[in-house]
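K.L.:
With the input below, show me the fold.
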Amino acid sequence: MSRIRSLSRTRLAVVVAALVGLSVTGAVASAALGGAETPPPRPLAEAIHRAATAPPPAGVSARIEFANRLLPAGALPEGEAPPLLAGASGRLWARPDGRFRLELQSRHGDAQVASDGRGLTVYDASSQTVYRAEMGQGDDRGDKRGRPFGDRRDGKDRDDRRGPPTVAEIERKLAELTEKVELSAARPESRAGRPAYSVRVAPRNDGGLLGAAEVAWDAVRGVPLRAAIYAQGEAEPVLDLAVTEVSYEAVPLSEVAVEPPAGTRLVRVEPPRGERGDRDDRPGAKDRDRGVTGLSAVRKALPFELAAPDKLAGLPRREVRLIDHGGRPGALVVYGRGLGAIAVVEQPAERPGAPGARPDGRGEGPESELRGLPQISVEGATGTELATALGTLIRFERDGVAYVVAGSVPPVAAEIAARELR
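P.N.:
Just a heads-up that it's a prediction; the model follows:
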């Protein structure tokens, strides 16, 4: 625990930044400050249909509360944890075109998470660092695919142009969904001074360490007011983003733009690319763009020996796929099914002097930040481990190959998996 306590605040913050971004998307809120009456009880399908057909707002400005309990109590330096790790209050602005900005404020430094519809930007003021991840290419000429609340009543945002789903269609989808998850009824409540409905979703089978998720939305406007994630067996959420005050007004572009001061360090984070990755002209990229799958085919395409045993930590191997991460060919191997699966990423280790690498060979981005985490022994190699309430991630290098083992599993299961990679 003391090793986590001594870890760089920035290194730990970047690991959870993506989770915060996903929570922001789920909690983009709407509603003018009005009465606190609860809406009438309705079947879940009808409540969802009313949300889907509600008139979209011109924009959203909100005050929010963010709670983060992913790390065990006492794991962070007392009084020094940045808002992305310890939670904070802040503001949220969102536009109908998908752009948003979340600002978290604390006495130890502010943090911002923003999206322009094509990528995610995280700014950590305490370290004067901006992390940028491109998530896909949108169309600036009216593409609404990234919009959290677009033209819902006329159905222009739907690919089939048929308009929002009917109550009967929603009922059929919910029936299909309940084969895999448990769904609560639509629970009437009051949130942020608005009438709202909430629903709780929990996996029926192996959900790993995930216990449940809850979402609340405005009963009149139909846009979420809260998103929370619970760990298995826990009464309090480990991630909770909730609106406390909200209003509808058009939001200017300046409110959703992140403008860090001069001299801020920029770190570009490249997500692994697989079958749907962008086109790449580098050697071997054609194979990666075609989506090479299967143990034999992937092994032939790699410049290193792939470690992919039939079983890992008692879970059978289910998938082997060629990926591209920062121009380095690698493999994604999945063991088990569902949320309790374990994923293994293997790729050549970065070399000092390589493009994008630091002089010490550690590179930049989340993978390099993991090097400051507590260390474990992996069959003669030294690895780093991030253990949270929702899962475990281990990274280590051996014989010129970098391995990342991740899953919604306890640390002991992830450690067994890492040691069985031969």
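K.L.:
show me where this protein has helices.
P.N.:
Assignment of helices within the chain using DSSP state H yields the ranges 2-5, 9-26, 44-52, 83-86, 167-177, 285-290, 295-301, 366-369, 411-419.
K.L.:
got any ranges where the stretch 301-422 of the chain has weak pLDDT?
P.N.:
Along the stretch 301-422 of the chain, the parts satisfying pLDDT under 70 run over 326, 352-372.
K.L.:
Repeat the analysis, applying 80 as the threshold.
P.N.:
The stretch 301-422 of the chain contains residues with pLDDT under 80 at 325-327, 351-373.
K.L.:
how about the strands in it?
P.N.:
Secondary structure of the stretch 301-422 of the chain (DSSP state E, counting those that start in this stretch): strands at 311-312, 315-325, 328-335, 342-348, 375-378, 381-387, 392-398, 401-407.
K.L.:
Name the residues of the longest one that are buried.
P.N.:
Think strand 315-325. Using 16 or more other Cβ atoms under 10 Å as the test for burial, strand 315-325 gives 315, 317, 320, 321, 322, 323, 324, 325. (Each C-beta comes from the backbone N, C-alpha and C, glycine too.)
K.L.:
now, which of those sits nearest residue 294?
P.N.:
Nearest to residue 294 among the buried residues of strand 315-325: residue 320, at 6.1 Å, using Cβ to Cβ.
K.L.:
quick one, what contacts the closest one?
P.N.:
293, 294, 295, 298, 306, 308, 331, 332, 333, 334 (Cβ atoms under 8 Å, 6 or more residues apart in numbering).
K.L.:
Just the buried residues out of those, in PyMOL syntax.
P.N.:
To isolate the buried members of the contacts of residue 320 in PyMOL, using 16+ other Cβ under 10 Å:
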select buried, resi 298+306+308+331+332+333+334
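K.L.:
any chance of the contacts of residue 320 in TSV, plus distance to residue 381?
P.N.:
Shown next, in TSV, are these (distance: Cβ to Cβ, whole Å):
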residue	distance to residue 381
293	28
294	28
295	23
298	22
306	17
308	18
331	18
332	20
333	18
334	22
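K.L.:
Identify, from the contacts of residue 320, the entry nearest to residue 409.
P.N.:
Compare each of these with residue 409 using Cβ to Cβ and the shortest gap goes to residue 334, at 13.0 Å.
K.L.:
Wait, that closest one touches residue 323, no?
P.N.:
No. Residue 334 is not in contact with residue 323 according to Cβ atoms under 8 Å; the separation is 11.6 Å.
K.L.:
Residue 175 versus residue 331, what's the distance?
P.N.:
Per Cβ to Cβ, to the nearest Å, residue 331 is found 38 Å from residue 175.
K.L.:
what about stretch 189-208, start to end distance?
P.N.:
Start and end residues of stretch 189-208 are separated by 30 Å (Cα to Cα, to the nearest Å).
K.L.:
For it, what is the distance to the chain centroid?
P.N.:
On the basis of Cα atoms, centre = their mean, to the nearest Å, stretch 189-208 sits 18 Å off its chain's mean C-alpha point.
K.L.:
Over to stretch 61-71?
P.N.:
Taking Cα atoms, centre = their mean, one finds the center of stretch 61-71 at 15 Å from the center of the full chain.
K.L.:
buried set for that stretch?
P.N.:
In stretch 61-71, counting by 16+ other Cβ under 10 Å, buried: 61, 62, 64, 66, 68, 69, 70, 71.
K.L.:
Mind checking which of the residues you listed are in strands?
P.N.:
The strands, defined by DSSP state E, take in 61, 62, 64, 66, 68 from those.
K.L.:
and the fourth one, how far is that from residue 237?
P.N.:
Note on residue 66: its distance to residue 237, by Cβ to Cβ, is 11 Å.
K.L.:
cool, the last one as well?
P.N.:
Relative to residue 237, residue 68 is positioned 10 Å away (Cβ to Cβ).
K.L.:
just the third one next, same as before
P.N.:
Here the distance between residue 64 and residue 237 works out to 14 Å (Cβ to Cβ).
K.L.:
Show me the shaky parts of the protein.
P.N.:
Within the chain, the stretches with pLDDT under 80 are 1-36, 72-86, 106-109, 135-162, 270-291, 325-327, 351-373.
K.L.:
Using the record's domain definitions, break it down for me.
P.N.:
2-256, 272-419 (automatic domain parsing).
K.L.:
wait, which of the ones you listed is closest to residue 265?
P.N.:
Comparison of those against residue 265 by Cβ to Cβ identifies domain 2-256 as nearest, at 4.7 Å.
K.L.:
mind checking how far that closest one is from the chain centre?
P.N.:
11 Å.
K.L.:
ok, now stretch 324-344?
P.N.:
That offset, for stretch 324-344, works out to 16 Å (Cα atoms, centre = their mean).
K.L.:
end-to-end on that stretch?
P.N.:
Start-to-end span of stretch 324-344 (Cα to Cα) is 14 Å.
K.L.:
Show me what counts as buried in that stretch.
P.N.:
So, applying 16+ other Cβ under 10 Å, buried residues of stretch 324-344: 324-336, 339-344.
K.L.:
that older thread, farthest-apart pair in the buried residues of strand 315-325, please.
P.N.:
315 and 324 (25.3 Å).
K.L.:
As CSV, the buried residues of stretch 61-71 with distance to residue 267 would be great.
P.N.:
Listed next are the buried residues of stretch 61-71 as CSV, based on distance: Cβ to Cβ, whole Å:
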residue, distance to residue 267
61, 29
62, 28
64, 25
66, 22
68, 21
69, 26
70, 21
71, 22
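K.L.:
of those, closest to residue 256?
P.N.:
Ranked by distance to residue 256 (Cβ to Cβ), those are led by residue 61 at 10.7 Å.
K.L.:
so who does the closest one touch?
P.N.:
Listed by Cβ under 8 Å, 6+ apart, the contact set of residue 61 reads 91, 92, 93, 246, 247, 249, 251, 255.
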